[in-house]
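Trainee: build the 3D model from these lines:
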Amino acid sequence: MSARFRSAAEDAPWARALLALAAVTIGILILALPLAAVFTEALRRGWGVLRAALAEEDTMAAIRLTLVVAAIAVPINTIGGLAACWAIAKHDFPGRRLLVVLVELPFSVSPVISGLVFVLIFGAQGWLGPWLQARDVQIIFALPGLVLATIFVTFPFVARTVLPLMQEQGREEEEAAATLGASGWQIFRRVTLPNIRWALLSGVLLCNARAMGEFGAVSVVSGHVRGMTNTMPLHVEILYNEYQFAGAFAVAALLALLGLVTLAAKTVLERRGRRA
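Mentor: Numbers count the residues shown, from 1 in each chain. All right, here's what the predicted structure looks like:
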């Protein structure tokens, strides 16, 4: 009876072929064609125009700012994500479920809303605005605001990549190391970290890609000061609105290339993780 049930539940060959064709078609229309269009438009006028567009002063400033924001936000989120995963997966404490909710909160809040929250708190008319102005500290429309918005939006990526693996591995190895007299840092460095290293690197790559491509929250807190607070996604918008299509597609192609490199690196890490 079970064999007959499995045979009846099995998809017909034509159904599997139709589903595969639909998936490939959707992938081409939604992913491949837009990427191809970006690179085609970026190279339409040749490599010389592309290099000149990327070498333009405001574009270089946007690239530098994007790298700086990512260089600050990603390590902070890596440390914070690891700490949250360690606490959730390896310990029982009051508020554990609340911590899980907080980790996932940025996924459920619009980036624009998060940016507005930072303006409400740190803006000139915000809760802390007068206090910050009196001390000549600027958060909104400056680098600190961009970093804070990026940290909030990208915080879950490391945690949500590593946490399922840590929960699956359980606590037995850490508890055994503790009974042998290992300190908390020794347990993390010699037991936990080697077991999660590939998942951790994958999460860091995803966090970095999201940090460099963030638009909504950063757009709210940046002020769009050209050459100063515009990251690469914001610079693409400004160039496109000004009908500078060569420059807009050049920066967009660079962002897309970074995304593809991130995807390739993530795939390699996942394969190594499965072999380990």
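Trainee: tell me where the stretch 151-276 of the chain has helices.
Mentor: Using DSSP state H, counting those that start in this stretch, the helices of the stretch 151-276 of the chain run over residues 172-179, 184-187, 193-213, 216-222, 232-241, 245-275.
Trainee: so which of those gets nearest I139?
Mentor: helix 216-222 (8.1 Å; Cβ to Cβ). The C-beta positions use only the backbone N, C-alpha and C, and glycine is treated the same way.
Trainee: residues near the nearest residue to E174 once chain neighbours are set aside, how many?
Mentor: Computed as Cβ to Cβ, 6 or more residues apart in numbering, the closest residue to E174 that is not its neighbour in sequence is I187, at 5.2 Å. By other Cβ atoms under 10 Å, 20 other residues sit near I187.
Trainee: ok so, going back, how about the helices of the stretch 151-276 of the chain in JSON lines, adding mean pLDDT?
Mentor: Converted to JSON lines, those look like this (pLDDT from 0 to 100):
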{"stretch": "helix 172-179", "mean pLDDT": "87"}
{"stretch": "helix 184-187", "mean pLDDT": "85"}
{"stretch": "helix 193-213", "mean pLDDT": "91"}
{"stretch": "helix 216-222", "mean pLDDT": "94"}
{"stretch": "helix 232-241", "mean pLDDT": "94"}
{"stretch": "helix 245-275", "mean pLDDT": "86"}
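Trainee: for V69, find the nearest of those helices.
Mentor: Among the helices of the stretch 151-276 of the chain, if distance is taken as Cβ to Cβ, the winner is helix 193-213, at 6.5 Å.
Trainee: ok, and for the closest one, which residues are buried?
Mentor: By neighbour count on 16 or more other Cβ atoms under 10 Å, the buried set for helix 193-213 is 195-196, 198-213.
Trainee: kindly list the longest helix within the protein.
Mentor: If you go by DSSP state H, the chain has its longest helix at helix 57-90.
Trainee: packing partners of that helix?
Mentor: helix 47-55, helix 96-108, helix 143-169, helix 193-213, helix 232-241, helix 245-275 (3 or more Cβ pairs under 8 Å, 6 or more residues apart in numbering; DSSP states H and E).
Trainee: to the chain's geometric centre, what's the distance from the shortest one?
Mentor: Taking Cα atoms, centre = their mean, to the nearest Å, one finds the center of helix 47-55 at 27 Å from the center of the full chain.
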